[in-house]
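Trainee: The sequence isn't on hand, but the structure is:
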């Protein structure tokens with residue numbers, strides 16, 4: 001540890017720290033524009049100047065390494081005048097856009113000009129003007145406001161891994177640009193908006209819609225992937241206006257994906273706000289809740305218990321799945337499944353969790369990825385892998401098609417036989433795994449949704465046991481889910497009971513005319529052709545595929561419109577909070593299920609959310625441990641069947657449209673067009 005004196009206060013900091021860190025340790029606020037904890041040091045803005053004993057002039061504290069015995073002053077007249085001078089220079093060419101700037105009210109330049117600047121300017125010449133740049137449908141640019149802090153450039157290069165953003169020119173003619181003025185091709189691109197300390201980069205979809213002081217701010221959890229990124233939802237009245245990242249070092253740090261941030265405009269389109277029932281003319285007609293509940297109660301009474309099934313979708317909260325499971329149990333059916341994609345997972349918890357934890361990626365020194373494209377499936381997690389790779393150049397092997405992951409990887413091929421070769425020690429990548437002290441395996445849904453998914457899981461487990469992936473104090477065996485509801489559903493046992501039907505068996509039974517009623521809890525990704533002869537109940541918030549095929553539609557609440565529990569891919573229990581109310585007659589999902597239980601005369605034991613959560617925590621105690629990961633015991637799981645020759649693929653090919661909300665989003669459709677992802681998907685969304 002290094003000892004320094006800051007304003008007569010002695011502090012200790014770690015080796016490698018800067019003077020700025022020492023000042024913060026002493027509780028002194030240091031203004032800065034270019035410095036950011038997660039980016040490399042640039043030393044551009046000079047706003048962080050401090051006095052150092054025996055130094056002839058003020059030093060940039062962000063770029064000066066801390067040294068033993070340093071004496072630092074941050075409150076001298078020389079420091080004050082230096083900061084005022086820097087601020088005056090920064091404002092020479094900055095336009096007076098504050099009244100019309102979207103950054104107004106939450107702008108670093110505004111705040112620091114008030115705290116460290118002068119009350120006037122000596123500059124009377126014309127201000128410079130810079131042409132705005134095109135950076136895609138998400139980022140609005142007013143480059144005349146740019147102060148050349150280069151945070152955006154460093155983020156794009158270092159974190160996002162897309163070096164398409166940079167500076168041209170020198171001095172006053174310097175400009176930040178994408179060179180060819182094209183869309184910033186990153187799933188994390190909009191984080192530059194949060195990084196920009198002025199109004200040069202702002203949110204294009206959010207532009208001129210609200211001021212920060214008009215918004216009600218609620219801390220919640222993202223459900224666009226299984227990462228469980230911590231977010232802040234800003235709403236005005238009943239409308240969600242924007243989503244911003246919330247700091248959580250263990251999950252998303254301070255980044256979120258573009259889909260998390262911008263798919264929210266889909267919450268306003270194609271919403272279900274009243275119950276619907278299919279009439280004799282084959283069309284859906286609006287009905288009252290009493291009529292809908294009566295119709296469903298009649299259908300449930302007519303159906304045989306073995307002919308009733310329920311499927312939970314990818315964004316269902318734990319409470320609604322627990323309530324639906326309780327109701328199905330009272331109805332005498334065990335035909336339930338939360339794996340609408342048919343993934344061959346469940347049972348032993350160690351076999352379906354990201355056991356190393358997301359933060360544990362930083363400790364890995366070798367990585368084998370099987371059937372997963374983390375850049376699309378979990379963009380923020382992929383940035384962690386990239387950071388580790390940049391720091392250690394750890395070897396990364398991928399079983400699957402060749403793609404751009406933003407870091408170098410050995411693509412071992414698409415044949416599952418590669419796993420046999422690695423397990424037997426006959427593959428070149430096996431040598432790298434053997435040399436590693438903390439090797440890691442990440443398995444994606446592209447491998448688990450195959451017919452031989454259980455066999456691949458078993459093969460991956462044997463590789464893990466053979467190469468030290470499971471060792472004292474280290475468990476690098478990881479499942480990367482794509483569905484926010486998946487781990488929570490598996491934890492509460494929302495899977496078929498003994499002798500009951502999973503999603504594949506439900507389809508076969510429906511084709512044979514043996515499935516009377518199918519209850520879909522926000523499930524839109526199943527093969528609806530197989531269930532054409534069954535009575536389909538769709539409970540959800542969007543008029544997506546499920547509602548189009550349903551005989552009865554029950555309007556539910558989206559994730560921003562209810563309090564709910566979600567468990568992320570690493571098994572961390574998180575509580576989401578309501579930011580707005582559901583539209584029209586839509587209701588929270590657990591409340592709908594409770595109403596159905598009353599209509600059918602099958603009590604499920606709770607009448608409000610508090611009672612439901614008490615019952616949930618009594619049955620599964622780890623749900624009471626908020627933001628905690630329950631320890632798992634390593635055990636045997638997976639199958640031992642022979643692997644098929646079918647190539648390993650990835651679960652997702654289109655990052656921007658993966659759920660009912662994102663498919664209804666105009667912004668996501670624009671991103672698809674701008675990035676040329678898949679024109680057929682974009683056309684279907686429109």
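Mentor: Nice, thanks for sending it over. Worth saying up front: this structure is predicted, and the values here are computed from it rather than measured. Residues are numbered from 1 along each chain as shown.

Trainee: from here on, contacts and neighbour counts on C-alpha atoms
Mentor: Fine.

Trainee: can you list contacts of stretch 357-372?
Mentor: The set of residues external to stretch 357-372 that reach it, using C-alpha atoms under 8 Å, 6 or more residues apart in numbering, is 249-251, 381, 384-385, 387-388, 392, 394-400, 432-433, 436-447, 476, 480, 570, 648-651.

Trainee: And the pLDDT for residue 98?
Mentor: Note on residue 98: pLDDT of 93.

Trainee: likewise residue 594?
Mentor: Residue 594 is given a pLDDT of 97.

Trainee: likewise residue 685?
Mentor: On pLDDT, residue 685 comes in at 36.

Trainee: Quick check: buried residues in the longest helix belonging to the chain?
Mentor: Longest helix in the chain by number of residues, with DSSP state H as the criterion: helix 77-92. Neighbour counts over helix 77-92 (16 or more other C-alpha atoms under 10 Å) mark 78, 79, 82, 83, 84, 85, 86, 87, 88, 90, 91, 92 as buried.

Trainee: Test for you: state the pLDDT assigned to the fourth one.
Mentor: The predicted local confidence for residue 83 comes out at a pLDDT of 95.

Trainee: Show me which of the contacts of stretch 357-372 are buried.
Mentor: Buried, going by 16+ other C-alpha under 10 Å: 251, 381, 384-385, 387-388, 394-400, 432-433, 436-447, 476, 480, 570, 648-651, out of those.

Trainee: which stretches of the protein aren't confidently modelled?
Mentor: Per-residue confidence for the chain (pLDDT under 70) gives these ranges: 678-686.

Trainee: roughly how far apart are residue 288 and residue 274?
Mentor: With the distance defined as C-alpha to C-alpha, to the nearest Å, residue 288 ends up 7 Å from residue 274.

Trainee: which of the two has more neighbours?
Mentor: Shown here are residue 288 and residue 274; by other C-alpha atoms under 10 Å, residue 274 has more neighbours (21 against 13).

Trainee: That one - nearest residue in space that isn't next to it in sequence?
Mentor: Once flanking residues are discounted, residue 274 sits nearest to residue 585: 5.1 Å by C-alpha to C-alpha, 6 or more residues apart in numbering.

Trainee: so who does that neighbour touch?
Mentor: 273, 274, 275, 555.

Trainee: Then residue 428?
Mentor: Taking C-alpha under 8 Å, 6+ apart, we find residue 428 in contact with residue 422.

Trainee: what do you get for residue 420?
Mentor: residue 459.

Trainee: Report the next helix or strand after the one helix or strand it maps to in sequence order.
Mentor: Here residue 420 sits within helix 417-424, counting by DSSP states H and E. Counting by DSSP H and E, the next helix or strand C-terminal to helix 417-424 is helix 428-435.

Trainee: Could you point out the helix or strand that follows that next one?
Mentor: strand 439-444.

Trainee: Taking helix 428-435 as reference, get the angle to that next one.
Mentor: Strand 439-444 runs at 130 degrees relative to helix 428-435, counting by axes from the mean of the first three to the mean of the last three C-alpha atoms, to 10 degrees.

Trainee: if we look at the helix or strand just after the longest helix of the chain, which residues are touching it?
Mentor: Using DSSP H and E, the next helix or strand after helix 77-92 towards the C-terminus is helix 108-116. The contact list for helix 108-116, computed with C-alpha under 8 Å, 6+ apart, reads 31, 33, 80, 83, 84, 87, 104, 197, 198.

Trainee: Quickly name whichever of the residues you listed is closest to residue 607.
Mentor: When these are compared for distance to residue 607 (C-alpha to C-alpha), residue 104 wins out at 45.3 Å.

Trainee: what's the distance between the residue nearest to that closest one when sequence neighbours are not counted and residue 106?
Mentor: Distances taken as C-alpha to C-alpha, 6+ apart place residue 98 nearest to residue 104, at 5.6 Å, with adjacent residues excluded. With the distance defined as C-alpha to C-alpha, residue 98 ends up 11 Å from residue 106.
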